[in-house]
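J.: Below are the sequence and a predicted model for it; my questions follow.
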Amino acid sequence: MGSSGDTFSITSSGSGYTINDTSAGGLYVNNASSIDPPNKLTLSSTPTVWMFPVVSGGGGGGTSLATGNPYTFQDGSGNTMDLGWAQNLQWGNGSFVYLYSYNNGSSQQIIYTAAGKLQAVANTAQNLYDSGGVLAVGSTGDTFTINSSGSGYTILDGTVGLCVNSPGKIDPPNKLVLSSTPTVWTAKLQ
């Protein structure tokens with residue numbers, strides 16, 4: 001580390017990225033294969049593929065989703081976030097959010113508020129929040145950032161710094177988990 005820095009180029013490569021120090025004649029930053037000092041990252045002509053999880057910004061700082069509108073959020077398989085189980089505790093599935101086939105019911109419509117809350121259309125006193133690493137519905141809500149990413153949007157729970165992920169399956173017990181790896185959601189204006 002110094003007062004001046006080199007210029008780097010980060011390029012997609014397979015399932016990750018390579019880091020090229022363009023100021024050092026195009027050499028790549030390589031893995032030291034061991035952690036802790038005295039091990040140092042080296043530069044060589046052989047690239048290392050690095051993995052970068054999302055840690056903030058909702059997945060790349062794209063354009064924010066417009067607030068104040070009701071949306072349905074669908075994963076890549078067309079499964080829709082559904083709050084129906086959380087709004088019907090007598091069904092015995094807790095206050096958790098699950099995926100269900102799209103039906104445009106009010107339990108599938110969520111308002112992205114100007115304050116960054118995800119609010120249930122069916123009951124505006126209910127908001128989405130992190131409950132031990134999974135998405136749930138309750139009277140208090142976390143603050144979310146929804147930004148464009150590719151052909152859809154990533155949803156970052158800014159309160160805990162993790163993204164909302166699709167379990168890939170509908171119905172309980174398949175809860176929506178929060179993690180550093182984002183799912184790209186389709187946001188359909190209702």
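T.: The structure has been received and is ready for your questions.
J.: The residue of the chain positioned farthest from its centre and residue 187, how far apart?
T.: Within the chain, residue 25 marks the point farthest from the mean C-alpha position, 35.8 Å out by C-alpha atoms, centre = their mean. Going from residue 25 to residue 187 by C-beta to C-beta, to the nearest Å gives 44 Å. Yep, even glycine has a C-beta here, placed from its N, CA and C like the rest.
J.: now do residue 78
T.: For residue 78, the distance to residue 187 - C-beta to C-beta - is 13 Å.
J.: Repeat that for residue 136.
T.: 20 Å.
J.: Run a quick neighbour tally on the residue nearest to residue 151 when sequence neighbours are not counted.
T.: Of all residues beyond its chain neighbours, the one nearest residue 151 is residue 184 (6.9 Å), with distances taken as C-beta to C-beta, 6 or more residues apart in numbering. The tally of other residues near residue 184 (other C-beta atoms under 10 Å) stands at 17.
J.: Might one say that residue 184 is in contact with residue 147?
T.: No: in this structure residue 184 lies outside contact range of residue 147 using C-beta atoms under 8 Å: 10.6 Å.
J.: Next SSE downstream of the helix or strand of the chain with the lowest mean pLDDT?
T.: Within the chain, no helix or strand scores below helix 57-60, which has a mean of 43 by mean pLDDT, DSSP states H and E. For helix 57-60, the following helix or strand on the C-terminal side (DSSP states H and E) is strand 69-74.
J.: domain assignment for this protein?
T.: 8-44, 57-189 (automatic domain parsing).
J.: quick one: which of those domains is nearest residue 50?
T.: Distance to residue 50, taken as C-beta to C-beta, is lowest for domain 8-44 among those, at 5.3 Å.
J.: for residue 121, what are its contacts?
T.: Contacts of residue 121 were listed using C-beta atoms under 8 Å, 6 or more residues apart in numbering, and they are 70, 106, 109, 110, 111, 190.
J.: same thing but 7 Å
T.: By C-beta atoms under 7 Å, 6 or more residues apart in numbering, the contact list for residue 121 reads 70, 106, 109, 110, 111.
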